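Student: 3D model of this:
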Amino acid sequence: MPLLSLASVVSALRAAGCVFAEDEAELILSTARTPDDAAAMVDRRVAGLPLELVLGWAEFAGLRITVEPGVFVPRRRTEFLVEQALATAPRARVVVDLCCGSGAVGAALAASLDGAELHAADIDPAAVSCARRNLAPYDGHAHLGDLYTALPERLRGRIDILAANVPYVPTGEVPLLPSEARDHEPLVALDGGTDGLDVLRRVAAEAPDWLAPGGCLLVETSRRQAPPALETFRRSGLTARTAVAAEAYAHVVIGTRA
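Tutor: Below is the predicted model:
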């Protein structure tokens, strides 16, 4: 098959409604191994498959994170959670990425915390399989199970950074999500219950038992949910505050064990 030109790929992507057709075309052509591979990737993108799944990776915090079908794709706004975790606990030695999805948050933290012990957990087997690939360069461990039940008991009371990118879309708003999320990502990674805070409440309730003294829990949420999330953290016994990156539409609730 002849090589696809950049112009032809841009034209095809633009006709399919891709807003950033030029950028996407360059990524596809630079990632494809063969002309046939490039053509197939263009076809999948034109058919509506998210770009990250077409490429097989997503850029996150300066890393290329492997993503696979059926696994939550890390959002760039979640880089703010990573930044806040590193600012809050810059010398963390034990890190846990709860509700880890692809393991992007854990990998980004480990990349900046040389030698930290890294664990991740998710209830979805596909996510755990993907996370294992992304955490391998950092000797990280990905565990399958429901929140804390997945973690080794020896971590109890030792965690310095507990990053939990929990699902926080209210059930009634899931049908309003962009089709790339609604049609291609697992519901368990999106649906946070009636008010979007069901999983957050469960994470906050047990966090003090798992955090080391001075350890921190960080959870991404929405602007509307931040005040009740903050109160939930405080009721669990954590000293809590919020951090906001308005330009990224990112809101993070941070709780610290005294």
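Student: partners of the nearest residue to Trp57 once chain neighbours are set aside in the sheet?
Tutor: Spatially, and ignoring its direct neighbours in sequence, Trp57 is nearest to Arg64 (4.6 Å; CB to CB, 6 or more residues apart in numbering). All C-beta spots, glycine's among them, are computed from the backbone N, C-alpha and C. Under the criterion DSSP bridges, Arg64 forms beta bridges with Glu59.
Student: Arg64: neighbouring residues, count only.
Tutor: Counted with other CB atoms under 10 Å, the burial measure for Arg64 works out to 14 neighbours.
Student: That one touches Leu55, doesn't it?
Tutor: No - contact criterion CB atoms under 8 Å: Arg64 and Leu55 do not qualify, at 9.0 Å.
Student: I'd like the distance between Val253 and Leu230.
Tutor: Taking CB to CB, to the nearest Å as the measure, Val253 and Leu230 are separated by 6 Å.
Student: So those two - more neighbours on which side?
Tutor: Here Val253 and Leu230 are set side by side on neighbour count (other CB under 10 Å), and the busier one is Val253, at 28 against 18.
Student: Show me what whichever strand or helix holds the more buried one pairs with in its sheet, parallel or antiparallel.
Tutor: Val253 is part of strand 250-256 when elements are defined by DSSP states H and E. In the sheet containing strand 250-256, its partner strands are strand 211-221 (antiparallel), strand 239-245 (antiparallel), by DSSP bridges.
Student: contacting residues around Ala229?
Tutor: Shown in contact with Ala229 (CB atoms under 8 Å, 6 or more residues apart in numbering): 197, 200, 219, 221, 253.
Student: Double-check that it belongs to a helix.
Tutor: Yes - using DSSP: H, G, I helix; E, B strand; the rest coil, the assignment for Ala229 is a helix.
Student: And the pLDDT for it?
Tutor: In the prediction, the pLDDT value recorded for Ala229 is 97.
Student: one step back: quickly note the distance from the residue nearest to Trp57 to Ala111.
Tutor: In this view, Arg64 and Ala111 are 11 Å apart by CB to CB.
Student: What degree of burial does Gly103 show, as a neighbour count?
Tutor: Close neighbours of Gly103, defined as other CB under 10 Å, add up to 30.
Student: now the one 10 residues further on
Tutor: Other residues near Leu113 come to 22 when the count uses other CB under 10 Å.
Student: Do you have the helices of the protein handy? List them.
Tutor: Read by DSSP state H, the chain holds these helices, from start to end of the chain: 6-15, 21-31, 35-46, 51-55, 79-88, 104-112, 125-135, 179-182, 198-210, 226-235.
Student: And those helices, which one averages the lowest pLDDT?
Tutor: helix 179-182 (a mean of 86).
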